[in-house]
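1. Here is my input, please return the structure:
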Amino acid sequence: MILVLFVSAFGMAQSSAKVIAVVNHTDWCGTCKANGERAMSVFSNNNPDGAIQFVVNDLTNDGTKEVSAKTLKKHGVFETMEARRKTAVVYFFDAQSKEFLNEISVGKSNEEIATAMKTAREGSK
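-> Predicted structure coming up:
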């Protein structure tokens, strides 16, 4: 839950992002629960300029999916996220072209998550 609140607030504050990072989450996901706070810290520490905008895709139930769908549509990644339903995964997209850049599980190490974020930044246009 902490990850969802952080990412929701963090994502909404960004306006000139180069990368959109969609975080698939559910309340029942063990990997989400075990790694949420740690991943939140990695996201924050490796995004000081706000170049990556984080968006939550809450797949917990029909109600949360509906709310998330509106946000995904707003960011232009709804269609591409329909095929990406793995929980505890962050999917990175170029903010302008909506081109898929890469993905990483929040269960990976801090270094692997930071590298995935860096790779996404470098891959954006």
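2. Run through the strands of the chain in chain order.
-> 19-25, 52-58, 89-94, 100-105 (DSSP state E).
3. quick one: which of the ones you listed is nearest Lys70?
-> Closest approach to Lys70 among those is made by strand 52-58 (10.9 Å; CB to CB). The C-beta positions use only the backbone N, C-alpha and C, and glycine is treated the same way.
4. Residues contacting the closest one, please?
-> Residues outside strand 52-58 that contact it (CB atoms under 8 Å, 6 or more residues apart in numbering): 4, 7-8, 10-11, 14, 17-26, 43, 47, 64-65, 67-68, 71-72, 75, 77, 81, 90, 92, 95, 117, 120-121.
5. Sheet partners, orientation included, of it?
-> The strands beside strand 52-58 in its sheet (DSSP bridges) come out as strand 19-25 (parallel).
6. so who does the closest residue in space to Gln96 that isn't next to it in sequence touch?
-> Excluding the flanking residues, the one nearest Gln96 by CB to CB, 6 or more residues apart in numbering is Lys125, at 5.7 Å. Counting by CB under 8 Å, 6+ apart, Lys125 touches Lys18, Asp94, Gln96, Ser97.
7. show me what contacts Ser68?
-> Ser68 sits next to Val56, Asn57, Asp58, Leu59 when contact means CB under 8 Å, 6+ apart.
8. Fine by me, thanks again.
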